[in-house]
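# My questions are about this predicted structure, shown below with the sequence.
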Amino acid sequence: MVSNTLYIHSLRYQWLNRFYDPVVRLSTRESAVKKALVSFLPPTNQGEVLDLACGTGTLSRAIKATQPAFNIHGIDGDKDMLDRAKKMARMAELDIHYDHGFAQQLPYDDSTFDVVTSSLFFHHLTTDDKRAAFREVYRVMKPKGLFLVADWGRPQNILMRMTFGMVQLLDGFETTADNVRGALPAMMEEAGLFPVDHLRTMATPLGTITLLRASS
Ligand SMILES: C[S@@+](CC[C@H](N)C(=O)[O-])C[C@H]1O[C@@H](n2cnc3c(N)ncnc32)[C@H](O)[C@@H]1O
């Protein structure tokens, strides 16, 4: 564990991991969001890809299934989530590497990845940890690499703001405040991930998800 940081598991408590996939499937329009993210991958079918905070590996499997020639690493700080990801990749006969590690201190060399993806993750980090994680993404990406993010964004309307309260109750008010303020793009740009494009805004039962794209 990275020292002095708050670790928020997928559904706050590790013993709830077993419920993560069905909860996310039903409450976040998971399939549509991840499909949309995958659609913004570059047309080239080669390269090193990192899925940051991969959880049970749903996004990494969707990427591998779409672009089999990509060499994909998923990383997560929760070994139990990684075990679930490994098991599902084996069952789907997909060759994906899963590594244990923390976004604030990635165990990869500088300029390793052509593409870094991340879904439903940054709202788990404090402001300082978000900044540290974005700096790490910048460090491990090759020059002119691609960074694709799907995470909670500024609510589109009062209903989305109200339903997002459920996420805040579970994942914490401190870590989600930057998302509600729509602050992720500015933080990404500060870390060198520039320019940030807003690709999509998607309404879900638990609030507004924003798809962002940046370069290094
Ligand atoms: C809400 S889940 C999202 C999982 C996956 N990306 C998805 O879209 O289903 C958040 C994940 O972030 C992981 N996580 C939380 N803090 C982390 C950190 N500092 N470094 C790496 N992983 C972290 C959790 O273990 C969890 O698997």
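Thanks, I have the structure now.

# for M141, what are its contacts?
S111, T112, F113, D114, V116, F147, S216 (CB atoms under 8 Å, 6 or more residues apart in numbering). The way it works is simple: take the backbone N, C-alpha and C, and place the C-beta from them, glycine included.

# Show me what the third one is bridged to.
The residues paired with F113 through beta bridges, assigned by DSSP bridges, are M141.

# tally of neighbours for the nearest residue to F164 once chain neighbours are set aside?
Leaving out its chain neighbours, the residue that sits closest to F164 by CB to CB, 6 or more residues apart in numbering is G207, at 3.4 Å. Neighbour count for G207, taken as other CB atoms under 10 Å: 28.

# number of nearby residues for the residue of the chain found nearest the ligand?
Going by CB to the nearest ligand atom, the ligand is nearest to G55 of the chain, at 2.5 Å. Per other CB under 10 Å, the neighbour tally for G55 reads 24.

# and it, how far is that from Y98?
11 Å (CB to CB, to the nearest Å).

# Mutual contacts of the two, please.
Shared contacts of G55 and Y98, counting by CB under 8 Å, 6+ apart, come down to D76, A85.

# so where's this protein uncertain?
For the chain, applying pLDDT under 70 flags the ranges 1, 3-4, 45.

# Can you tell me which residues in it are near the ligand?
7-10, 24, 53-55, 58-59, 76-78, 81, 102-104, 119-121, 124 (CB under 6 Å from any ligand atom).

# Could you grab the helix/strand/coil label for L148?
strand (DSSP: H, G, I helix; E, B strand; the rest coil).

# That one: how many residues sit nearby?
Neighbour tally, L148, other CB under 10 Å: 24.

# Show the contacting residues for it.
Counting by CB under 8 Å, 6+ apart, L148 has contacts L37, F40, L41, V115, V116, T117, S118, L211, L212, R213.
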